[in-house]
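Peer 1: all I have is the shape, not the residue letters:
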């Protein structure tokens with residue numbers, strides 16, 4: 001299988017093997033709507049899920065974990081403090097930290113909380129849709145609730161700017177996913193439109209990135225591998241490789257099965273899937 005990026009040499013098989021070998025313990029401080037799917041897909045990739053969200057213990061739990069996800073989908077006042085406690089513990093103990101600023105730009109509260117997370121914490125990977133990533137850097141964004149709408153023709157440049165401002169590897173998810181650092185951007189062509197018909201696919205992508213970041217040494221390797229693996233699972237599920245589906249509900253089950261079975265599946269070649277693009 002071809003490498004994720006010619007300059008890096010790691011393949012998707014390498015990444016999946018690393019996850020299987022590491023069985024990373026991932027603590028997700030996530031939202032009430034999708035917590036079960038986040039836990040399940042963590043397990044399906046080969047990680048060990050724990051969902052500690054009590055400020056009294058979350059620092060101790062993150063200290064013994066291999067990865068930490070902060071998802072602000074249903075953030076509350078107490079949840080904000082819990083996320084900061086968890087994030088600080090991750091920073092103190094060298095645990096890879098992924099932040100998913102769900103709905104940033106939709107309300108002043110969400111924008112304030114997201115700004116606090118990316119300012120007060122050292123974030124390894126930042127995961128958001130086009131609108132959320134644009135809102136984080138102060139650009140015009142159309143976010144209704146937690147959904148991104150509108151056109152984002154310069155999203156690659158925006159993602160690079162977000163990486164420069166936050167110091168994180170940025171994953172901007174949309175029809176074409178963008179993975180960006182302060183110096184480079186990659187287009188990732190993987191996924192299927194059915195993924196947008198299921199609530200929680202963005203949340204599941206966030207924890208997928210956390211699992212791969214926990215198992216690999218480099219946040220960019222983790223972000224590229226996690227984004228590609230996630231998209232390929234979506235394609236295989238849509239192609240019926242893990243059973244027929246009849247609509248969004250049954251597709252969701254096939255998608256989770258595809259994540260669990262990706263390592264043993266006959267996956268499409270990666271040639272042309274990941275393209276390094278010039279950003280001015």
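Peer 2: Thanks, I have the structure now. From a predicted model like this one, the values you see are computed outputs, not experimental measurements.
Peer 1: can you pull out the strands in this protein?
Peer 2: For the chain, strands defined by DSSP state E occupy the ranges 25-29, 48-50, 67-71, 97-100, 125-129, 142-144, 147-149, 169-173, 177-180, 185-188, 274-277.
Peer 1: lowest average pLDDT across those?
Peer 2: Confidence, taken as mean pLDDT, is least for strand 147-149 of these (a mean of 45).
Peer 1: in the stretch 1-150 of the chain, where is pLDDT below threshold?
Peer 2: 1-9, 140-150 (pLDDT under 70).
Peer 1: how many residues are close by residue 193?
Peer 2: The number of residues packed near residue 193 is 9, by other CB atoms under 10 Å. (Each C-beta comes from the backbone N, C-alpha and C, glycine too.)
Peer 1: ok, so what distance separates it from residue 134?
Peer 2: Between residue 193 and residue 134 the computed distance is 22 Å (CB to CB, to the nearest Å).
Peer 1: so can I have a markdown table of the strands of the chain showing distance to residue 13 and mean neighbour count?
Peer 2: Listed next are these as a markdown table, based on distance: least, CB to CB, whole Å; neighbours: other CB atoms under 10 Å:
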| stretch | distance to residue 13 | mean neighbour count |
| --- | --- | --- |
| strand 25-29 | 21 | 26 |
| strand 48-50 | 22 | 18 |
| strand 67-71 | 21 | 30 |
| strand 97-100 | 23 | 30 |
| strand 125-129 | 21 | 30 |
| strand 142-144 | 37 | 17 |
| strand 147-149 | 32 | 17 |
| strand 169-173 | 21 | 28 |
| strand 177-180 | 19 | 28 |
| strand 185-188 | 17 | 21 |
| strand 274-277 | 15 | 15 |
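Peer 1: is it possible to get CSV of these that adds distance to residue 249?
Peer 2: Output for those, formatted as CSV (distance: least, CB to CB, whole Å):
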stretch, distance to residue 249
strand 25-29, 23
strand 48-50, 22
strand 67-71, 22
strand 97-100, 23
strand 125-129, 22
strand 142-144, 23
strand 147-149, 19
strand 169-173, 22
strand 177-180, 24
strand 185-188, 27
strand 274-277, 31
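Peer 1: nearest to residue 221, of the ones you listed?
Peer 2: Residue 221 sits nearest to strand 169-173 of all those, at 9.4 Å, using CB to CB.
Peer 1: now do that closest one and strand 125-129, the angle between them.
Peer 2: Strand 169-173 and strand 125-129 meet at an angle of 20 degrees, taking axes from the mean of the first three to the mean of the last three CA atoms, to 10 degrees as the criterion.
Peer 1: for strand 169-173, the distance to its chain's centre please.
Peer 2: 8 Å (CA atoms, centre = their mean, to the nearest Å).
Peer 1: listing partners with orientation, what would you give for that strand?
Peer 2: Strand 169-173 has these partner strands in its sheet, going by DSSP bridges: strand 125-129 (parallel), strand 177-180 (antiparallel).
Peer 1: relative to residue 224, which of the strands of the chain is closest?
Peer 2: It is, among the strands of the chain and with distance given as CB to CB, strand 177-180, at 5.5 Å.
Peer 1: who are the contact partners of residue 51?
Peer 2: Applying CB atoms under 8 Å, 6 or more residues apart in numbering to residue 51 gives the contacts 27, 28, 29, 30, 35, 38, 39.
Peer 1: can you do 10 Å?
Peer 2: 26, 27, 28, 29, 30, 35, 36, 38, 39, 42, 61, 69 (CB atoms under 10 Å, 6 or more residues apart in numbering).
Peer 1: what does residue 168 give?
Peer 2: Per CB under 10 Å, 6+ apart, neighbours of residue 168: 97-99, 118, 121-127, 162, 180-182, 219, 223.
Peer 1: so residue 206 touches residue 212, yeah?
Peer 2: No - under the criterion of CB atoms under 10 Å, residue 206 makes no contact with residue 212, lying 11.3 Å away.
Peer 1: list the residues that contact both of these two?
Peer 2: What both residue 206 and residue 212 touch, as defined by CB under 10 Å, 6+ apart, is the set 98, 125, 226, 230.
Peer 1: dump those residues into TSV; add distance to residue 257 as well.
Peer 2: Converted to TSV, the shared contacts of residue 206 and residue 212 look like this (distance: CB to CB, whole Å):
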residue	distance to residue 257
98	24
125	25
226	18
230	14
